[in-house]
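Mind folding the following:
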Amino acid sequence: MTAVDDFRAAQVRLLQRYAPDTTSHFFEIPAVSGRVHALRRGQGPPLVLVPGFGDPAAMWAPLMGELDGVALHAVDRPSFGLTGRGDYETATFRRLAVDFLEQVLDVLGLDRPWLIGNSIGSLWCTWLALDRPDRVAGLIHIGCPAFILGTSAPLPLRLASVRPLGRVLMSLTPPSPRQVETFAKRVAGEDLSVVPEVRDLLVASQRLPGARDAILDLLHAVIRLRGARPQVALTVEQLARTRQPVLLIWGGRDPFGTPDVGREAARILPEADMRLIPNGGHLPWVRYPADVAAAAVPFLEKHGVPRGRRIT
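Purely as a prediction, here's the structure:
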């Protein structure tokens, strides 16, 4: 089997556990070289899920299985999962984010959906909401949005952003279940040993052709050893200009930003709320999908998105 075959198999196993009625499809847009891969589940008002870091769309599977009565579209970002290459450069990073998401919405025929993001995915969703406000109905950020209010990234990621050092670190830590579990604990505050299908998906995703080079390119584009690059920082001014309703679902053990950062962001945003998942890390839906859904569903309903499965 090839690395792509291994990844597809890991994706199937994860989806079979959490959201077995999910389908996979491909389409082309100008923002990437090659095809875009997306997952779809359900019928109803559309929600678009955008993963963070180098994570594939199937990372959302635990949460997708908890949300009924809506049409879920989870997309692999450029250069990750099964989506074609995107150029990660500091100067053009925001333009890539906005162009990619807007073109995805166009192809999917989505006029003004809600967006759900994690980490860099949340940053991309916020930029689309700011630059194309008529295309976004509302935002749900799960985990600390990347580079919000002076936050940066844990030290291992900042070290890897230095190109020569990053390549050495990558060579010393080839993808394996143990490597992914260790990385997740140190960097994301998550124990993936209890969700082996998620762990195995991440191992397979890192073994895809070009994946580790893409991770290094991404890190170099957005952070330096001393922190986030100013061009990608999510500032007070940007938050204050966000006119859509925003829900922040924060892990109490998120290494990227404490709950106080989330509370401050909710105070600055014109229309926002925050919910805490006390034992969650940077990816709180992976281990606590029902709790995250229980936070998200009433907020969506409050803002006109019909409630799906009742959370008990």
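
Backbone torsions only: list them for the nearest residue to residue 7 once chain neighbours are set aside.
Take residue 7 and drop its neighbours on the chain: the residue closest to it by C-beta to C-beta, 6 or more residues apart in numbering is residue 204, 4.2 Å away. No exception for glycine: its C-beta is placed from N, CA and C like everyone else's. Note on residue 204: backbone dihedrals following degrees, to the nearest 10 are phi -60, psi -40.

and the gap between residue 204 and residue 142?
Using C-beta to C-beta, to the nearest Å, residue 204 is found at 23 Å from residue 142.

So for those two, which sits in the more crowded spot?
Neighbours were counted for residue 204 and for residue 142 using other C-beta atoms under 10 Å; residue 142 has more, 31 against 26.

how close does that one get to residue 172?
From residue 142 to residue 172 the distance is 31 Å (C-beta to C-beta).

Repeat that for residue 137.
The value you get for residue 137 to residue 172, if C-beta to C-beta is used, is 45 Å.

So if I had to pick from these two, which one is more boxed in?
Remark: of residue 137 and residue 172, residue 137 carries more neighbours, 21 against 8, as counted by other C-beta under 10 Å.

Residue 83 belongs to a strand?
No: under DSSP: H, G, I helix; E, B strand; the rest coil, residue 83 falls outside any strand and is assigned coil.

Now for it, how many residues are close by?
Residue 83, neighbours per other C-beta under 10 Å, totals 25.

which residues does it contact?
Neighbour list for residue 83: 32, 34, 35, 36, 37, 75, 76, 77 [criterion: C-beta atoms under 8 Å, 6 or more residues apart in numbering].

Format the residues you listed as CSV; extra columns: secondary structure.
Conversion of the contacts of residue 83 to CSV gives the following (three-state DSSP):
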residue, secondary structure
32, coil
34, coil
35, strand
36, strand
37, strand
75, strand
76, coil
77, coil
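
Closest one of the residues you listed to residue 95?
residue 32 (13.1 Å; C-beta to C-beta).
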